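**Student:** structure of the sequence below:
(one chain, ligands or ions: 3)
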Amino acid sequence: MIIGVPKEIKNHEYRVGMVPASVRELINHGHKVIVETQAGMGIGFTDQDYVDAGASILTTAAQVFADAEMIVKVKEPQAVERAMLRDGQILFTYLHLAPDLPQTEDLVKSNAICIAYETVTDNHGGLPLLAPMSEVAGRMSIQAGAQALEKSNAGRGMLLGGVPGVEPAKVVVIGGGMVGNNAAQMAVGMGAEVVVLDRNIHVLRRLDAQFGNKIKAIYSTADALEKHVLEADLVIGGVLIPGAAAPKLVTKAHIKAMKPGSAIVDVAIDQGGCIETSKATTHADPTYIVDDVVHYCVANMPGAVPRTSTFALNNATLPYIIQLANKGYKQALLDDKHLLNGLNVIAGKVTCQSVAENLGFDYVEPAIALA
Ligand SMILES: NC(=O)C1=CN([C@@H]2O[C@H](COP(=O)(O)OP(=O)(O)OC[C@H]3O[C@@H](n4cnc5c(N)ncnc54)[C@H](O)[C@@H]3O)[C@@H](O)[C@H]2O)C=CC1
Ligand SMILES: CC(=O)C(=O)O
Ligand SMILES: [Mg+2]
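**Tutor:** Ligands and ions are numbered 1, 2, ... in the order given. The predicted structure is shown next:
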C-alpha cells in the first residue's frame, strides 16, 4: 500500500503522523511511504531522516493526497485537505466529528474511509489512540491553568501550591478519566487542593485507591459540581462521552458566579467543550475572558509539546497503521471490532452513532456499511 504523511497545517501544530522509525516499520512490511517535505521539521526530523528510513519526499500536500491510498495524520483534516480526499481513500487521524458539521459533511461527500483515532476502543473499556494525547493534555492542563492564574494573564494572582502559611489554590477536575487522572497527578504534585468529579463509581474508586487523601474524589451530581466549581480557583474540563458532543456541565451562570480571576481549562473542547462559555482557541492566542474568568480552550494542546506527543501517539497508532496497510481497510476492520469502532464515515455513510445523532445524519452500522 502507498501510505501518505502530509505536513500538519493546523495553527501551531508540529506533530506528524509518522516518525521515521514508524516509516521504517512500514517499509519492512513491504509498503511505500510518501512524506510531504518538512513534515517532521517541527520536531527535529529532516527530510533526509525520512529518506534514510525508506520514505520518498514529495514537495506538496496535493501530491501526497493524490498518490496515497491511506493518509496518516494527527489533526482533523482542514477544509483544504478535505477537498483533496477521494473516493476509496483511507484517512486515519483524529476527527472529533460530533461538534463539527462542516467537516462531517465534507467527509461524507468525499466517499473516503475515515477512521478516527479517538473512537477506536480496546478490551479494557479504554480508548487506546486517544489515551496518549489525553495523558499529555491532562498534564499540560495544570501548566496552562497555573499560567492563567498569573496576574499578568488576568488571573487571580495565585500560586497553585501556595507557600508555607498561605492557602494553595483549589483545583476542580471534572471527569476523572485519562485527562482528569493526569491533571490530578500534576496538581497534587504542585501542592494544590484537588477535587475530582466523575459520575462513574469505578473511576472514583480507582482515583481513591491511587491518590488516597491527597485528593477528594466526588460523585458528580449537579449539586456537587456547582458547589466545587464556585469554590474553585482553577477548573479543568475533562469529561467525555465517546464520539459524542461533550455535555455542557458548567453553565454561563456558574461562570458568572465564579471568583473573579479564576480560570478554566476546557480540555474537552475538541468534542465541543463541557463549559457553556468555551469556544476553541489556538496556541497563538490561547485564552480569553468571560465574566472575569480566564478561559483556555486550545483544541490541540499536545501540539505544544509535539516531540513528546508524536512519539507517544506513534507508539499507539503504529500497530493499527500496519494492520490497515497489510490487510487493506476491509479485512483489518472486519478482523478487529475495536478498530471497527473507529470507523466514523465510509462511502458517504456515517457509521458512528453518536456523530449521526448529534448532527442529524442517518446512522448506518459499520459492519453493514462495510458489506
Ligand atoms: N484539547 C486537547 O488538546 C485534547 C483533548 N482531549 C479530550 O479530553 C476529553 C477527555 O478525554 P479522556 O480523559 O481521554 O476521556 P476518558 O474517557 O478517559 O475520561 C472521561 C471521563 O469523563 C467522565 N464523565 C462523562 N460524563 C460525565 C459527567 N456528566 N460528569 C462527570 N464525569 C463525566 C467519564 O466517566 C470518564 O471517566 C475528550 O474530549 C478528549 O478528546 C484529549 C486530548 C487532547
Ligand atoms: C486528541 C486531540 O485532539 C489532540 O491530540 O490534538
Ligand atoms: Mg464572576
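**Student:** and the stretch 251-371 of the chain, which of its residues are near ligand 2?
**Tutor:** Taking CB under 6 Å from any ligand atom as the criterion, the neighbours of ligand 2 within the stretch 251-371 of the chain are 270, 300, 302. C-beta here means a position set from N, CA and C on the backbone, and glycine is covered the same way.
**Student:** residues touching the second one, list them.
**Tutor:** If I follow you right, that is Asn300. Contacts here follow CB atoms under 8 Å, 6 or more residues apart in numbering; on that basis Asn300 touches 10-13, 75, 270, 283.
**Student:** quick check: residues of the stretch 201-350 of the chain near ligand 1?
**Tutor:** 203, 220, 238-241, 246-247, 249, 267-271, 298-302.
**Student:** just the buried ones from these, in ChimeraX syntax?
**Tutor:** A single ChimeraX command is used to select the members of those judged buried by 16 or more other CB atoms under 10 Å:
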select :203,220,238,239,240,246,249,267,268,269,270,271,298,299,300,301,302
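**Student:** spell out the secondary structure type for Val64.
**Tutor:** Three-state secondary structure (criterion: DSSP: H, G, I helix; E, B strand; the rest coil) places Val64 in helix.
**Student:** could you measure from it over to Asp233?
**Tutor:** Counting by CB to CB, to the nearest Å, the gap from Val64 to Asp233 is 46 Å.
**Student:** Ile201 too?
**Tutor:** With the distance defined as CB to CB, Ile201 ends up 27 Å from Asp233.
**Student:** give the buried residues for stretch 43-50.
**Tutor:** Counting neighbours by 16+ other CB under 10 Å, one finds that the buried residues in stretch 43-50 are 43, 45, 47, 49-50.
**Student:** what about Lys214, neighbour count?
**Tutor:** 14 (other CB atoms under 10 Å).
**Student:** numbering from 20 from now on, please.
**Tutor:** Yep, numbering from 20; the last one is Lys233 now.
**Student:** what's the distance between the nearest residue to it once chain neighbours are set aside and ligand 3?
**Tutor:** Nearest residue to Lys233 in three dimensions, chain neighbours excluded: Val207, at 4.9 Å (CB to CB, 6 or more residues apart in numbering). Using CB to the ion, to the nearest Å, Val207 is found at 27 Å from ligand 3.
**Student:** swap in Leu226?
**Tutor:** Summarising the geometry, the distance separating Leu226 from ligand 3, computed by CB to the ion, is 29 Å.
**Student:** what helix or strand is that residue located in?
**Tutor:** Secondary-structure element containing Leu226, defined by DSSP states H and E: helix 220-230.
**Student:** now the helix or strand just after that helix: average pLDDT?
**Tutor:** Reading on from helix 220-230 to the C-terminus, the next helix or strand found by DSSP H and E is strand 234-238. If you average the pLDDT over strand 234-238, you get 98.
**Student:** may I have strand 234-238 exported as PDB, CA atoms only?
**Tutor:** Taking C-alpha atoms only, strand 234-238 is exported to PDB below (Å, rounded to 0.1, in the frame of the first residue of the first chain):
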ATOM      1  CA  ILE A 234      -7.500  14.400  46.500                       C
ATOM      2  CA  LYS A 235     -11.200  14.300  47.100                       C
ATOM      3  CA  ALA A 236     -12.900  12.000  44.500                       C
ATOM      4  CA  ILE A 237     -16.600  13.100  44.500                       C
ATOM      5  CA  TYR A 238     -19.600  11.800  42.600                       C
END
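**Student:** report the angle between the axes of it and helix 220-230?
**Tutor:** Here the directions of strand 234-238 and helix 220-230 differ by 170 degrees (axes from the mean of the first three to the mean of the last three CA atoms, to 10 degrees).
**Student:** quick check, the residue in the chain closest to ligand 1?
**Tutor:** Taking CB to the nearest ligand atom, ligand 1 has its nearest neighbour within the chain at Gly196, 1.8 Å off.
**Student:** and that residue, what is it in contact with?
**Tutor:** Taking CB under 8 Å, 6+ apart as the criterion, Gly196 is in contact with 153, 217, 222, 257-259.
**Student:** on the pLDDT front, check it for me.
**Tutor:** According to the predicted model, the pLDDT of Gly196 comes to 98.
**Student:** quick revisit: quick one: distance of the helix holding Leu226 to the chain centre.
**Tutor:** Taking CA atoms, centre = their mean, to the nearest Å, one finds helix 220-230 lying 23 Å from the centre of the chain it belongs to.
**Student:** could you do stretch 101-116 as well?
**Tutor:** Stretch 101-116 has its average C-alpha position 17 Å from the chain's average C-alpha position, going by CA atoms, centre = their mean.
**Student:** so does that stretch get close to ligand 2?
**Tutor:** Yes: for stretch 101-116, a contact with ligand 2 is found by CB under 6 Å from any ligand atom, at Tyr113.
**Student:** just the CA trace of that stretch, in PDB.
**Tutor:** Listed in PDB are the C-alpha atoms of stretch 101-116, where the atom choice follows Å, rounded to 0.1, in the frame of the first residue of the first chain:
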ATOM      1  CA  ARG A 101     -10.800  17.600   2.800                       C
ATOM      2  CA  ALA A 102     -11.000  18.900  -0.700                       C
ATOM      3  CA  MET A 103      -8.100  16.600  -1.700                       C
ATOM      4  CA  LEU A 104      -9.700  13.400  -0.300                       C
ATOM      5  CA  ARG A 105     -11.100  11.000  -2.800                       C
ATOM      6  CA  ASP A 106     -13.400   8.000  -3.200                       C
ATOM      7  CA  GLY A 107     -12.000   4.900  -1.600                       C
ATOM      8  CA  GLN A 108      -9.000   6.600   0.100                       C
ATOM      9  CA  ILE A 109      -8.300   5.700   3.800                       C
ATOM     10  CA  LEU A 110      -8.000   8.600   6.200                       C
ATOM     11  CA  PHE A 111      -6.600   7.600   9.600                       C
ATOM     12  CA  THR A 112      -6.400  10.600  12.100                       C
ATOM     13  CA  TYR A 113      -8.200  12.400  14.900                       C
ATOM     14  CA  LEU A 114     -11.600  13.600  13.600                       C
ATOM     15  CA  HIS A 115     -13.800  14.800  16.500                       C
ATOM     16  CA  LEU A 116     -16.800  15.000  14.200                       C
END
